[in-house]
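Engineer: return a 3D structure for these sequence lines:
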Amino acid sequence: MTLDETTCHGAVEAKDRRYDGLFFIGVTSTGVYCRCVCPARTPKRENRTFHLSAAAAEKAGFRPCLLCRPELAPGAAPIDAAARLAHDAVKRIEAGALEEQGLEDLAADLGVTDRHLRRVMLKTFGAAPVEIAQTHRLLTAKRLLKETDLSMTQIAFASGFQSLRRFNALFLERYGMAPSRVRGRGKAPETLRDSGGLAFTLAPRGAFEGASALAHLQLRRASRVETQIAPLSWTRTLQVGPHAGWLRLDLAGAAPRLTLSDGLLPAFRQIISNVRGALDLDADLDAINGFLARDFAADIERDPIVRLPGGLDPFELAVRAIIGQQVTVKAATTVVSRLVEKLGAPIETDVAGLDRLFPSAARIADSGKDAIAALGMPGARAETLIRLARAFADGKLKLARGAVAAGREGLAAIPGVGPWTIEYVALRGLGDPDAFPLGDSALRAAYDGDLARAHERWRPWRAYAAARLWRRPIRPKERLT
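Structural biologist: Prediction:
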């Protein structure tokens, strides 16, 4: 957003939640920076400065408020092309991309040069990519200090630091106190262990409605990998790099709650980022609904809260999309369950019925075409699935939330992967708000008119238009995945 001082002052004085996370307030009289919803006494106007991001506030010398906790603010949804690029880069950085690759490689994944990426991020967030990464590591550590009983070493590495010494030094340099003092100021960690895992609340931007997200998951539930163990609660196994375990999503409240088993804590940042993306928690629904109101006024009035539920693992989502080519959701899910049964690695959990991980790319790639086809798909589709897995295992195909350009390019290079699959993976797995699977039969059935012409005027929010069309009550009895 553009920092208009009149708007910012008004948001601070009204403690307006619509602006939470869109900017931060530096308080010159105390040296801290806050969210606009901070419950502390509102600072005087002459003591306020405004910053586009937490990183920009820290760059200006402010430290995070211990009361409103800037690390808990929801993310900001992109509006124009430059903001979307910056937003995608931040999502990748928050998931640890700069620990895995350099800025030049990250920029290439996003389809731009590193110089252009630096320029856009400075304009959008007031801080360079490296500064944003550093601030995110510190704020992640601060959250883990307040909400868990993890050791300092565990927190340092889970936050992305390469050593405990560097973690302690930077925390002291930036915040003027040792990490132990942050933990010591509270009576106890604010998040206690819950059923063998650590639980965290994920703040959405605007209203959140968990029933539709759960319905999406339930319709695609693969046996032995995921299950619904209680109303509005979802549990599944997950592997992130060398780390494996289970996670649970509790979707009944105004904000989703995520519980992670100990085995997944080292991948905390990437999982948090992927869960936020999979539940579409950072979408600005007011802005999106306002844009789409011309063609979807009745839909919006009937159901104003339509987010884009997706997958936690983009590779898994791509596998499901290929299996789901030209078949119904039910048929595709049956084949996915067979794939898990045959190729999924075993894992021990305390959750009844959860004892497999989703098959790795290497395991699928090493399987023969006949073995894959025997699960219930044509031989040509089995070959496509093996090609996809081999490309991903070899590093030729990059699939990650935010890396839309690289993902689209890599998918298009695989024989057997067509426009519908690319658009569906971009929509559900890569976080592209403008993806639109034009060839989807349910979309065409739901729109009474020339969809090929109409969908162009829904840019840059075509994915949300697709989600609304999929929700229309008049549609085929069975639709594609």
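
Engineer: Ala412: neighbour count?
Structural biologist: 12 (other CB atoms under 10 Å). For the C-beta atoms, the positions are set from N, CA and C on the backbone; glycine is no exception.

Engineer: measure the nearest residue to it once chain neighbours are set aside to Thr349 for me?
Structural biologist: Spatially, and ignoring its direct neighbours in sequence, Ala412 is nearest to Ile422 (6.1 Å; CB to CB, 6 or more residues apart in numbering). Distance, Ile422 to Thr349, using CB to CB, to the nearest Å: 34 Å.

Engineer: so which of the two has more stuff around it?
Structural biologist: Neighbour totals were compared for Ile422 and Thr349, and Ile422 leads with 23 against 18 (other CB under 10 Å).

Engineer: where does the more buried one fall, secondary structure wise?
Structural biologist: Using DSSP states H and E, Ile422 sits in helix 419-425.

Engineer: just Ala382 next, same as before
Structural biologist: helix 379-393.

Engineer: buried ones in the following helix or strand past that helix, by neighbour count?
Structural biologist: For helix 379-393, the succeeding helix or strand toward the C-terminus, using DSSP H and E, is helix 404-412. Within helix 404-412, the residues scored as buried using 16 or more other CB atoms under 10 Å are Val404, Ala405, Ala406, Gly407, Arg408, Gly410, Leu411.

Engineer: got it, and stretch 246-258?
Structural biologist: Neighbour-count burial for stretch 246-258 [16+ other CB under 10 Å]: Trp246, Leu247, Arg248, Leu249, Asp250, Leu251, Pro256, Arg257, Leu258.

Engineer: for stretch 440-454, measure first residue to last.
Structural biologist: Start-to-end span of stretch 440-454 (CA to CA, to the nearest Å) is 15 Å.

Engineer: average pLDDT for it?
Structural biologist: Per-residue pLDDT values across stretch 440-454 average out to 94.

Engineer: how far off centre is it?
Structural biologist: What separates the centre of stretch 440-454 from the centre of its chain is 28 Å, taken as CA atoms, centre = their mean, to the nearest Å.

Engineer: show me what contacts the residue nearest the centre of the chain?
Structural biologist: Geometric centre of the chain, nearest residue: Gly277, 2.0 Å, by CA atoms, centre = their mean. With contact set as CB atoms under 8 Å, 6 or more residues apart in numbering, Gly277 has these partners: Lys91, Gly310, Arg401, Gly402, Gly431.

Engineer: tell me which element it falls in.
Structural biologist: Using DSSP H and E, Gly277 falls in helix 268-279.

Engineer: repeat that for Arg248.
Structural biologist: strand 243-250.

Engineer: so how far is that strand from its chain's centroid?
Structural biologist: Here strand 243-250 is found 15 Å from its chain centre; the criterion is CA atoms, centre = their mean.

Engineer: quick one, the next helix or strand after that strand and helix 268-279 angle?
Structural biologist: Using DSSP H and E, the next helix or strand after strand 243-250 towards the C-terminus is strand 257-261. Strand 257-261 runs at 140 degrees relative to helix 268-279, counting by axes from the mean of the first three to the mean of the last three CA atoms, to 10 degrees.

Engineer: and the contacts of stretch 285-299?
Structural biologist: If you take CB under 8 Å, 6+ apart as the criterion, stretch 285-299 is touched by 18, 77, 79, 205-207, 300, 304-307, 454, 457-458, 461, 464-465, 468, 471-472.

Engineer: quick one: which of those sit in helices?
Structural biologist: Ile300, Ala454, Tyr464, Ala465, Arg468, Arg471 (DSSP state H).
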